[in-house]
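Engineer: Return a 3D structure for these sequence lines:
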Amino acid sequence: MTQIDRRTVLRQAGVAAGLAAVGTVAAGAVPAAGTPLSSGVSAPAHPTPHEALTLLKEGNDRFVAGEMTHPNQDPARRKEVAAGQEPFAVVFSCIDSRVPPEIVFDRGLGDLFVIRTGAQDYDCLIEGSVEYGPVLDHTPLLVVMGHQRCGAVTAAVNALESGTTPAPNLDAVVQSLSLAYAVAKKTGADDLVEATVRAQIRLTARALRRDPALRPNIARGMLTVVGAYYSLETGEVSWQP
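Structural biologist: This next block holds a predicted model:
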């Protein structure tokens, strides 16, 4: 089986039951908004999914307002986490240089597990990296974050629309995004790239919620998988089921 075939099978296995209902809320959706954490910066020792999400929301609010506090970025924190780590969230996002999760969420050393690929494209190796935090460290929150004007999605949409074939490895990314493209195409959206970005977020989050390694923690309320969309223009992260 080729690399492209493996990626396609993996993606189809995760989302085959959900293509027609890609916009519906699934298990592990965004926790309800609540009271901000008392500190707004320090994470509890063992945060709940809601507390972890609140920390990210508050950090992004500071980033958007230009009031970043840069927590956990000093030598003391470096020494503190040198012997061990307990990040409170996993962020699976794009490689785009304009979307660094630690800056977008105003966080520091030891706060986040970060996995970055073009348009959150994943295969079995990447999926193992995504699973690492929730399975081995019981990280309570997994964020799938796409962004405005994604270059990888733009390249994929252009290739699929024109029927052209990029370089071999880039073609694998195009093929892995073909399902999101197909979902977006059916909506008749004027901006096919943005519609594909949002479909890719939902499809990836949906597939991860069905991941056998993650489902037990989701069922117990120990893990929440959420989708997120980052605006390059405003810096704001919006959340989606």
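Engineer: Following element in sequence after the helix or strand bottoming out on mean pLDDT in the chain, please.
Structural biologist: When the helices and strands of the chain are scored by mean pLDDT, DSSP states H and E, helix 3-15 comes last with a mean of 42. Toward the C-terminal end, the helix or strand that comes next after helix 3-15 (DSSP states H and E) is helix 49-65.
Engineer: Backbone dihedrals for the residue minimising distance to the centre of the chain, please?
Structural biologist: What sits nearest the mean C-alpha location of the chain, by C-alpha atoms, centre = their mean, is V144, with 1.4 Å. Main-chain torsions, V144, degrees, to the nearest 10: phi -100, psi 110.
Engineer: Could you list everything it pairs with in the sheet?
Structural biologist: Bridge pairing for V144 (DSSP bridges) gives the partners F92, G227.
Engineer: wait, isn't it in contact with V226?
Structural biologist: Yes - assessed by C-beta atoms under 8 Å, V144 is found in contact with V226 at 7.3 Å. For glycine as for every other residue, the C-beta is placed from the backbone atoms N, C-alpha and C.
Engineer: Mutual contacts of those two, please.
Structural biologist: A205 (C-beta atoms under 8 Å, 6 or more residues apart in numbering).
Engineer: Check the gap between the residue nearest to the centre of the chain and Y229 for me.
Structural biologist: V144 is 10 Å from Y229, where distance means C-beta to C-beta, to the nearest Å.
Engineer: Could you do I201 as well?
Structural biologist: I201 is 6 Å from Y229, by C-beta to C-beta.
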